[in-house]
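Trainee: Quick one, fold the following:
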Amino acid sequence: MEIYQLLIILGVFFLIIEIFLTGFFAGSLAVGFFVAALGAYLGVSTSWQIFMFSVGALVAFFAVRPLINKYGYKASKGIKTNMESLPGRKAKVVEAIDAENESGRVAIDGDVWRARSEDGSDIPVNTTVEVVRTESIVLIVKPLK
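Mentor: I've put the predicted structure just below:
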């Protein structure tokens, strides 16, 4: 097996590692290995291959990584998930909300959450409510009219 083939295998290995890690560090090392493999294929000396690996990895880390951080992760901003997505949603009371005992539960999309009323009133079972906000893992709700 030729040295350039080993360097390509190392580059692929580091690309696989990059799938599981974030930050593009392993990815920049993979780029370095691919550049060094090109040098080995062209027959340059080992010291030049090391130099090409270093330059390739550094250029990828300092030039490509900022672009990935700026544009690659930008698409996920603004998408609300988990608890952030609950305010404004409608829910159904499955256990009466009792302000005095601070008990009660509501169901949203098959998930059951602890709930309290916004104004301290009692809300009976099967009432449709709107989630106003969250406090820790408790939903603050108000009945819909």
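Trainee: make it CA atoms for all contacts and neighbour counts henceforth
Mentor: Noted.
Trainee: In this protein, mark out all the strands, start to finish.
Mentor: Ranges of strands within the chain are 90-98, 103-108, 111-117, 128-135, 138-143, based on DSSP state E.
Trainee: Quick one: closest of these to Leu38.
Mentor: Distance to Leu38, taken as C-alpha to C-alpha, is lowest for strand 111-117 among these, at 54.4 Å.
Trainee: a markdown table for the strands of the chain, including mean pLDDT, distance to Pro66 and mean neighbour count?
Mentor: As requested, the strands of the chain are arranged in a markdown table below (pLDDT from 0 to 100; distance: least, C-alpha to C-alpha, whole Å; neighbours: other C-alpha atoms under 10 Å):
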| stretch | mean pLDDT | distance to Pro66 | mean neighbour count |
| --- | --- | --- | --- |
| strand 90-98 | 92 | 41 | 21 |
| strand 103-108 | 92 | 40 | 20 |
| strand 111-117 | 92 | 39 | 19 |
| strand 128-135 | 92 | 35 | 18 |
| strand 138-143 | 92 | 39 | 22 |
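Trainee: Met1 is nearest to which of those strands?
Mentor: Among these, if distance is taken as C-alpha to C-alpha, the winner is strand 111-117, at 56.3 Å.
Trainee: May I have the strands that pair with the closest one, each with its orientation?
Mentor: Its sheet considered, strand 111-117 pairs with strand 103-108 (antiparallel), strand 138-143 (parallel) by DSSP bridges.
Trainee: what does that strand rub up against?
Mentor: Residues outside strand 111-117 that contact it (C-alpha atoms under 8 Å, 6 or more residues apart in numbering) are 97-99, 102-107, 123, 137-142.
Trainee: For the residues you listed, which two are the farthest from each other?
Mentor: The farthest-apart pair in the contacts of strand 111-117, when distances are taken by C-alpha to C-alpha, is Ile123 and Ile137, at 18.9 Å.
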